[in-house]
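**Student:** Quick one: sequence plus predicted model below, questions after.
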Amino acid sequence: MGKKELKFNSKAIHGGQRPDAAYGAVMPPIYQTSTYAQPTPGGHKGYEYSRGANPTRTALENAVASLENANFGMAFGSGMAAIDAVMKLLSPGEEVICTSDLYGGSYRLFKGVFEKFGIKFRFSEIVDMDELASQITDNTKLVWVETPTNPMMNIIDIEAVSKVTKANNLLLAVDNTFATPYLQRPLELGADIVMHSATKYLGGHSDVIVGALAVKDEKLAQQLYFIQKSSGGICGPMDSFLTLRGIKTLHVRMQRHCENGESIAKYLENHHKIDTVYWPGFQHHPSYEVAKKQMKDFGGMISFVPKGGSYKNAIKIVEKLEIFTLAESLGGVESLVGHPASMSHGSIPKEEREKNGVVDALIRLSVGIEDVEDLIADLEQALN
């Protein structure tokens, strides 16, 4: 069956996959090998050295491409390695416009690594398309978007941005980690590149570090494959296998993440000890209509500021939670809580963080798939 014949839930299980050619294994085997026998020099069977390609990794890359309705997929050793590969499409003197509210690791890579090689980064809210167009110069080559953004849950209109980038012959890359292809597929909205920290929802079980890219254009894919092979930031066969296993339940997990997320967002919104809740499913969210248009549902990521807005109070709450585990990362079956200012966004200078709303009192929740009554009870005891 071709990938276009399948609906999403079926693609999560079957997309891009075939039983293994050797023995008919239903799950792609873990090809734990670095090299492959060749009957004659250059006469290999499609694989010669596992940095270039590995059958288990190929299966994962095909699965990601299928989910995003892409033609090509690439899997990397981490989400940051995937972003690194995209940035290597650029040359010194060229510029990137990116969302001002973004993951701290992305900011660190942009400012701490690539800026010293002469690549310039402009940070923008990317809400007003006329303003976005006015920021484009002759050196601008790429627009980098997160939506929903991390951790403020801002929504960027991918289709609107793509009209600007296409009119100016720019690449548009979208970090789709928070939404996953279950909720939105950026390539269908005009993006050129989709990036995932597959460590998060795609893997879904907090047991791998993996990144992925998906593209439709063959020329762009070949450039990225060249960078992937040359730089070597690939993921291994075991992590590929585990991520593939996680993808097979993506649709049912995301449905529960969304259901639990909505219940908890509404609970927090009505709690007398909460000042502000950031979740795109609220009708009063400034980009609610955009989220409703481009997303199937609103996800399981929520940020909030408790009343009083103090660092001390926020730390007290996150330390008191029991079912929500205080830990880096997100998107696993278990619920996690984080303090962005000192954890995921600690690499962004305080002034820059606070300009975008990442204040010291902000708390971020990754709502898992537990019984929502237990999660609410845990929040209640911590808040009170």
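**Tutor:** Arrived safely, thanks for sending.
**Student:** Torsion angles phi and psi at Phe121?
**Tutor:** phi -120, psi 130 (degrees, to the nearest 10).
**Student:** Make residue 1 into 308 and carry on from there
**Tutor:** With the count now opening at 308, the last piece we talked about shows up as Phe428.
**Student:** Pull the contacting residues for it.
**Tutor:** Going by Cβ atoms under 8 Å, 6 or more residues apart in numbering, Phe428 touches Glu402, Val403, Ile404, Cys405, Phe417, Lys418, Phe421, Glu422. (C-beta placed from N, C-alpha, C; glycine too.)
**Student:** Can you tell me the centre-most residue of the protein?
**Tutor:** Thr484 (1.6 Å; Cα atoms, centre = their mean).
**Student:** isn't it right next to Gly510, touching?
**Tutor:** No. Contact criterion Cβ atoms under 8 Å: Thr484 and Gly510 do not qualify, at 11.1 Å.
**Student:** Could you list the low-confidence segments of the stretch 458-607 of the chain?
**Tutor:** In the prediction, the stretch 458-607 of the chain carries no residues with pLDDT under 70.
**Student:** Tell me where it has strands.
**Tutor:** Per DSSP state E, counting those that start in this stretch, the stretch 458-607 of the chain carries strands over the ranges 478-482, 500-504, 518-522, 581-585.
**Student:** can those strands go into JSON lines with extra columns for mean neighbour count and distance to Leu637?
**Tutor:** Formatted as JSON lines, those follow (neighbours: other Cβ atoms under 10 Å; distance: least, Cβ to Cβ, whole Å):
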{"stretch": "strand 478-482", "mean neighbour count": "26", "distance to Leu637": "13"}
{"stretch": "strand 500-504", "mean neighbour count": "29", "distance to Leu637": "9"}
{"stretch": "strand 518-522", "mean neighbour count": "28", "distance to Leu637": "15"}
{"stretch": "strand 581-585", "mean neighbour count": "18", "distance to Leu637": "14"}
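**Student:** Out of those, which is closest to Asp327?
**Tutor:** Asp327 lies closest, by Cβ to Cβ, to one member of the strands of the stretch 458-607 of the chain: strand 518-522, at 21.3 Å.
**Student:** chain center to that closest one, what's the gap?
**Tutor:** 10 Å (Cα atoms, centre = their mean, to the nearest Å).
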